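*Asks:* with the sequence up front, the predicted model follows.
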Amino acid sequence: MIVDIYYMQQTYDYSVFLLPSYAGAAGNLALAMIASADEDLTLRTFLYVLLFQVYADQNDWEAGLKVLDEAVQVLPRSKQRLPIFKHMLLVKARLGRNYIMEIQKFKDESEDCLSYMWHRLALVSSDLAGQLSCYQNAIEVLQKKEFELKKVDNLLEFAEWLYCKQFPLSEVIKHVDWAIDILLHLKPVTKNFDDEDTSNEITVGDLRNIKQLEALIRAHTLMAVISGHGSPSHEQHCLMAYAFVIRIWQVILSSAGSVLKASAKASPPQAATPKKQGKKDTKRSSSTSPPRKDKLSKDAKQVQSLMKEKPKRKGPIEALPASVEEWASYDCPDEIRDAFKQDSSSFALSSRNILAPVVLHLAEVIAHDVIESKSVSDLYHLRFVSIALESL
């Protein structure tokens, strides 16, 4: 019965045009049967996946693989079987077995899907050569312009893997340079090329895409780590990463300022009379209420005396601190924080644009190699691990 309905599903697109107008009821019945068959097949597939997950939780990969083999034999050929092949790929990679036949099932999928599968295989492969091959395939399969940022992520992760596995530094640097080159040629940039200006150099001020800037921070931080504290390029890469951090602040504050101005124009002006009345009422209530006795303790009074008012803001609300002293006392205004939540553009501070706390990486490098403080470096490591666990 399932096979017959499945055959109807495969021939539906053609046969539906042959249904005469007076057979509408029969056509609706056929559609209902097709939908029911599709739901049934999806349910059966994920029941097999659920059973496999039981064995996977116990690290019994051999038993889990038998479940997946049974699912491939029982379930009819369809797109619904792709989750089965995905898990089969990962299990065979864990067990060090050949998975060429299974990876062929994904040949018609999009580039990012294939890259994702190769990346997952690299993470679970049992041998070094398998991991190396999977990382390379995850990079090489991405050819379209729309996946360039994903390619950069894969390149940087691969470079970090090469460094940790003690491959030659020339190979590591080659892949980081490749990622930086892609990032600096991403479109659009804000540079206006004049007729007299024949140079194609792009400066930090030409970049406005937050994902692009965030990836450049990661790339230069990784280069600073790779080059080592004694290298002459170490300080240069730290300064470049710092420059991109400042550029992110400039872009997001400018974008937040635009959001605030737009919302101010859209919102109607509030009446001033109720506010004045409210102030009068509060004055009356405060005047009629009996004077409070001094109930604060001596320690509380001392704390209050030490608390100072926030320094008055100089310039517009989106202005960036201009000195180290201003940065030390800088507190991002609440209005700007609210604007961050409203802004969904590529110039905004959001989880869609910044996926990892990259500034912590830069701070750790500065603490370890510039300040040479192991305790501060360890603190940043702990903070990064804590944030990573919270995001899981």
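*Replies:* Perfect, thanks for sending it.
*Asks:* and residue 182, which helix or strand is it part of?
*Replies:* helix 169-184 (DSSP states H and E).
*Asks:* for that helix, packing partners?
*Replies:* On a contact count with 3 or more Cβ pairs under 8 Å, 6 or more residues apart in numbering; DSSP states H and E, helix 169-184 meets helix 148-164, helix 210-227. No exception for glycine: its C-beta is placed from N, CA and C like everyone else's.
*Asks:* and the helices in the stretch 51-200 of the chain?
*Replies:* Using DSSP state H, counting those that start in this stretch, the helices of the stretch 51-200 of the chain run over residues 61-74, 82-94, 100-103, 111-124, 128-140, 148-164, 169-184.
*Asks:* oh sorry, the question was meant for the stretch 201-350 of the chain
*Replies:* Assigned by DSSP H, counting those that start in this stretch, the stretch 201-350 of the chain shows helices spanning 210-227, 232-266, 273-288, 298-306, 324-328, 334-342.
*Asks:* report the mean per-residue pLDDT for the third one.
*Replies:* Going back to what we said before, that points to helix 273-288. Averaging pLDDT along helix 273-288 gives 48.
*Asks:* kindly report the same for the shortest one.
*Replies:* Averaging pLDDT along helix 324-328 gives 73.
*Asks:* what about this structure, any weak spots by pLDDT?
*Replies:* Within the chain, the stretches with pLDDT under 70 are 1-37, 187-200, 267-315, 343-362, 365-366, 369-370, 384, 387-392.
*Asks:* run the last query once more with 80
*Replies:* Counting by pLDDT under 80, the ranges of the chain that qualify are 1-39, 78, 187-202, 259, 261-333, 336, 339-372, 380-381, 383-392.
*Asks:* can you show me the CA trace of stretch 224-237 as CSV?
*Replies:* The C-alpha coordinates for stretch 224-237 follow below in CSV (Å, rounded to 0.1, in the frame of the first residue of the first chain):
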residue,chain,number,x,y,z
ALA,A,224,48.9,37.3,16.2
VAL,A,225,48.7,34.0,18.0
ILE,A,226,50.4,32.1,15.2
SER,A,227,53.2,34.6,14.7
GLY,A,228,54.1,34.6,18.4
HIS,A,229,55.1,37.3,20.8
GLY,A,230,58.7,37.6,19.4
SER,A,231,57.6,38.1,15.8
PRO,A,232,57.7,41.7,14.4
SER,A,233,54.3,41.1,12.9
HIS,A,234,52.7,40.2,16.2
GLU,A,235,52.1,43.8,17.3
GLN,A,236,50.9,44.7,13.8
HIS,A,237,48.2,42.0,13.8
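*Asks:* what residues of it count as buried?
*Replies:* By neighbour count on 16 or more other Cβ atoms under 10 Å, the buried set for stretch 224-237 is 224-227, 234, 237.
*Asks:* tell me which of these is nearest to residue 255?
*Replies:* residue 237 (27.0 Å; Cβ to Cβ).
*Asks:* might one say that residue 207 is in contact with residue 215?
*Replies:* No - under the criterion of Cβ atoms under 8 Å, residue 207 makes no contact with residue 215, lying 10.6 Å away.
*Asks:* the two: which is more packed in?
*Replies:* Per other Cβ atoms under 10 Å, whichever of residue 207 and residue 215 has more neighbours is residue 215, with 24 against 21.
*Asks:* what's the distance between that one and residue 78?
*Replies:* 38 Å (Cβ to Cβ, to the nearest Å).
*Asks:* any residues touching stretch 98-118, and which ones?
*Replies:* Counting by Cβ atoms under 8 Å, 6 or more residues apart in numbering, stretch 98-118 makes contact with 81-82, 85-86, 88-89, 92-93, 121, 134-135, 137-139, 141-144, 147, 150-151, 154, all of which sit outside it.
*Asks:* go again using 7 Å as the cut-off
*Replies:* Identification of contacts with stretch 98-118 by Cβ atoms under 7 Å, 6 or more residues apart in numbering yields 82, 85-86, 88-89, 92-93, 134, 137-138, 141-144, 147, 150, 154.
*Asks:* gap between the two ends of it?
*Replies:* 14 Å (Cα to Cα, to the nearest Å).
*Asks:* same question for it: list its buried residues.
*Replies:* Judged by neighbour count (16+ other Cβ under 10 Å), stretch 98-118 contains these buried residues: 99, 102-103, 105-106, 114-118.
*Asks:* same deal with stretch 120-139?
*Replies:* For stretch 120-139, by 16+ other Cβ under 10 Å, it's 120-122, 124-125, 130-132, 134-135, 137-139.
*Asks:* can you count the residues close to residue 325?
*Replies:* 9.
*Asks:* next one: residue 375
*Replies:* By other Cβ under 10 Å, the residues close to residue 375 number 7.
*Asks:* cool, residue 379 as well?
*Replies:* If you count neighbours by other Cβ under 10 Å, residue 379 ends up with 15.
*Asks:* look up how far residue 238 lies from it.
*Replies:* For residue 379, the distance to residue 238 - Cβ to Cβ - is 18 Å.
*Asks:* where's residue 41 relative to residue 81, distance?
*Replies:* Distance from residue 41 to residue 81, by Cβ to Cβ: 9 Å.
*Asks:* for residue 44, same thing?
*Replies:* 10 Å.
*Asks:* repeat that for residue 116.
*Replies:* Look at residue 116 and residue 81: by Cβ to Cβ, they are 18 Å apart.
*Asks:* neighbours of residue 149, how many?
*Replies:* With other Cβ under 10 Å as criterion, residue 149 counts 18.
*Asks:* with adjacent residues omitted, what lies nearest to it?
*Replies:* residue 211 (5.7 Å; Cβ to Cβ, 6 or more residues apart in numbering).
*Asks:* that neighbour and residue 150 touch, don't they?
*Replies:* No - assessed by Cβ atoms under 7 Å, residue 211 is found out of contact with residue 150, at 10.4 Å.
*Asks:* who touches both of residue 41 and residue 81?
*Replies:* Common neighbours of residue 41 and residue 81 (Cβ under 7 Å, 6+ apart) are residue 75.
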